[in-house]
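A.B. asks: Here's my sequence, what's the structure:
(4 chains)
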Number of protein chains: 2
Amino acid sequence: MSKLIIPRKTVYRLSLYYRALQRARANRVETVSSAALAKAAGVKPTQLRKDLTYFGQFGTRGLGYNVEQLSARLTDVLGTTRLQPVILVGAGNLGSALLKYPGFAKEGFEVAAAFDLNPSRGRAKELGVPVLPMTKLKDLVHEQLVKMAILTVPAHVAQEVANELIEAGIMAILNFAPIILQVPDHVVVNNVDVAIELENLSYFIQ
Amino acid sequence: MSKLIIPRKTVYRLSLYYRALQRARANRVETVSSAALAKAAGVKPTQLRKDLTYFGQFGTRGLGYNVEQLSARLTDVLGTTRLQPVILVGAGNLGSALLKYPGFAKEGFEVAAAFDLNPSRGRAKELGVPVLPMTKLKDLVHEQLVKMAILTVPAHVAQEVANELIEAGIMAILNFAPIILQVPDHVVVNNVDVAIELENLSYFIQ
DNA sequence: CTGTGTGAAGGCTTTCACAGCC
DNA sequence: GGCTGTGAAAGCCTTCACACAG
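C.D. replies: Alright, predicted model coming up:
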């Protein structure tokens, strides 16, 4: 379905809209205007409307959008993307914190397992997922058809571990190591880098 | 200095270049070509060169860039932005993990203090910074001229806490809560949202 | 009269192509 | 020959302006 090309930035914003809609739904709101929804998502109303036109018309002119209905359509577009199993590699401070973060399940991702060079240090019980040695990586990825990995290892081993992940069949990496990973074309990487975000912020408050 | 307008995305990439240069320097490399540096930063060579032209010429044609020199110039452009004091608000799992993350100091940021509704739960000793109650926020921000904050509180209180931060004089917020903060124009916000990054990744591996 | 849908315009970034220097 | 610097072109994304529906 929808093999229409949706711009990269639009896809990103769809997630924001979806979140805002869930909040509206939780508040028993039935209808939202593009102005209201856009505000909740931090964008301009015209942008929101334009984004939605990439996959159809949902609004009622003079009224706004039906929360349920738009929500359902967004699930449909982003939909198959949810409920994916994910693995986390590197159960240090940051990795452990992410594992304990309640937002994953809520947003539709399940952490199938965590991997670490030293599996004992993260106790599975406390973290709520199995913590396995790297040698088990390939098997688990194949068995559970895992395509995505969260990488929270130190920078100096990140590339090496990323190679192992790709070798094992991982297609998408959410990389927290402060280094740009070199990967083949079929692999997607998103980076999360706290230091760079801070640096960026500070530039704009001169 | 340099009130020339540097595009937002360029500023972001300058941080990547700077990092890559530090690694090159650590390896005693004296000269890099735009091709090599661009690869390390994950961009195209022409993009790197164009980015650098916003604030001067540094390269030697036929040779490349002097690592020291370019590095110094980048420090200069991003420079005053470094070594800023930062506060962290919300010393839960994620907040504590970030405090223990060694990357801050290395990248030139110092966490002046952490704040929490329940200061006892994060022991200052373990975290390496004072953990204070929210009532001390305003005083510390004023005393230490803090302009930036890392926000790692639960989503349902994020807006409220952000308001307090802004009220206290904070100008820039690195927000980890999965919600779009409504802030006045003079305040800058960057969002880090793991769930959305995952969702985004998964869309692109259909 | 309110609020959506959308072609067209505008603005911002990236990429190209090649001139210029070592 | 190798590699930088850069105007021009292309591409992408956002915003505008307004037609149109309820």
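
A.B. asks: In chain A, what helix or strand scores lowest on average pLDDT?
C.D. replies: Counting by mean pLDDT, DSSP states H and E, the weakest-scoring helix or strand in chain A turns out to be helix A:103-106, with a mean of 74.

A.B. asks: Tell me the gap between the helix or strand following that one and the middle of its chain.
C.D. replies: Going down the chain from helix A:103-106, the next helix or strand is strand A:110-115, by DSSP states H and E. Centroid separation for strand A:110-115 versus its chain: 15 Å, with C-alpha atoms, centre = their mean, to the nearest Å.

A.B. asks: what does strand A:110-115 contact?
C.D. replies: A:83-91, A:95, A:99, A:104, A:122, A:127, A:129-134, A:136-137, A:140, A:144, A:146, A:150 (C-beta atoms under 8 Å, 6 or more residues apart in numbering or on different chains). Just so you know, the C-beta spots here come from the backbone N, C-alpha and C atoms, and that holds for glycine as well.

A.B. asks: Now the helix or strand following that strand: buried residues?
C.D. replies: Using DSSP H and E, the helix or strand that follows strand A:110-115 in sequence is helix A:124-127. Buried residues in helix A:124-127, defined by neighbour count with 16 or more other C-beta atoms under 10 Å in any protein chain shown: A:Leu127.

A.B. asks: So which other helices or strands are in contact with helix A:124-127?
C.D. replies: helix A:93-100 (3 or more C-beta pairs under 8 Å, 6 or more residues apart in numbering or on different chains; DSSP states H and E).

A.B. asks: Run through who's touching the helix it packs on.
C.D. replies: A:88-89, A:91, A:104, A:111, A:114, A:116, A:122, A:127-129, A:150, A:152, A:176, B:93-94, B:96-98, B:100-101, B:194.

A.B. asks: Just want the angle from that helix to strand A:110-115.
C.D. replies: Counting by axes from the mean of the first three to the mean of the last three C-alpha atoms, to 10 degrees, helix A:93-100 lies at 150 degrees to strand A:110-115.

A.B. asks: hmm, which of the contacts of strand A:110-115 are the buried ones?
C.D. replies: A:84-91, A:95, A:99, A:104, A:122, A:127, A:129, A:131-132, A:137, A:140, A:146, A:150.

A.B. asks: So which of the residues you listed belong to helices?
C.D. replies: A:95, A:99, A:104, A:127, A:137, A:140 (DSSP state H).

A.B. asks: And those, which two are furthest apart?
C.D. replies: Longest distance between any two of those is 19.7 Å, between A:Phe104 and A:Leu137; criterion C-beta to C-beta.

A.B. asks: For chain A, list the residue farthest from the centre, please.
C.D. replies: For chain A, the largest distance from the centre (C-alpha atoms, centre = their mean) belongs to A:Gly62, which lies 34.2 Å off.

A.B. asks: Tell me how far that one lies from A:Leu21.
C.D. replies: 20 Å (C-beta to C-beta, to the nearest Å).

A.B. asks: same deal with A:Leu117?
C.D. replies: Counting by C-beta to C-beta - A:Leu117 and A:Leu21 are separated by 41 Å.

A.B. asks: Pick out whichever of those two has more residues nearby.
C.D. replies: Comparing A:Leu117 with A:Leu21 by other C-beta atoms under 10 Å in any protein chain shown, the one with more neighbours is A:Leu21, at 24 against 14.

A.B. asks: That one looks like it's in a helix, true?
C.D. replies: Yes: A:Leu21 forms part of a helix when assessed by DSSP: H, G, I helix; E, B strand; the rest coil.

A.B. asks: what does chain A put close to DNA strand C?
C.D. replies: Chain A comes close to DNA strand C at residues A:33-35, A:45-46, A:49-50, A:52-53, A:57-65, as judged by C-beta under 7 Å from any atom of the strand.

A.B. asks: quick check: domain ranges of chain A?
C.D. replies: Here the domain assignment for chain A is A:8-78, A:85-198, based on automatic domain parsing.

A.B. asks: Average pLDDT for the first one, rounded please.
C.D. replies: Think domain A:8-78. Per-residue pLDDT over domain A:8-78 has a mean of 96.

A.B. asks: Which residue ranges of chain A form strands?
C.D. replies: A:31-32, A:65-66, A:85-89, A:110-115, A:131-132, A:148-151, A:172-175, A:188-191 (DSSP state E).

A.B. asks: To A:Val11, which of those lies closest?
C.D. replies: Among those, strand A:188-191 sits nearest to A:Val11 (C-beta to C-beta), with 11.8 Å.

A.B. asks: mind checking how far that closest one is from the chain centre?
C.D. replies: That offset, for strand A:188-191, works out to 10 Å (C-alpha atoms, centre = their mean).

A.B. asks: so does that strand get close to chain B?
C.D. replies: Yes: interface with chain B: strand A:188-191 contributes A:188, A:190 (C-beta under 8 Å from any C-beta of the partner chain).

A.B. asks: tell me what that strand is packed against?
C.D. replies: Using 3+ C-beta pairs under 8 Å, 6+ apart: strand A:188-191 touches strand A:172-175, helix B:194-203.

A.B. asks: Please identify the most buried of those.
C.D. replies: Most buried of the helices and strands packed on strand A:188-191, by mean neighbour count (mean count of other C-beta atoms under 10 Å in any protein chain shown): strand A:172-175, with a mean of 24.

A.B. asks: Alpha carbons of that strand, as PDB, please.
C.D. replies: C-alpha atoms of strand A:172-175 as PDB (Å, rounded to 0.1, in the frame of the first residue of the first chain):
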ATOM      1  CA  ALA A 172      18.400  -0.300  10.700                       C
ATOM      2  CA  ILE A 173      20.500   1.000  13.500                       C
ATOM      3  CA  LEU A 174      19.700   3.700  16.100                       C
ATOM      4  CA  ASN A 175      23.200   4.800  16.900                       C
END
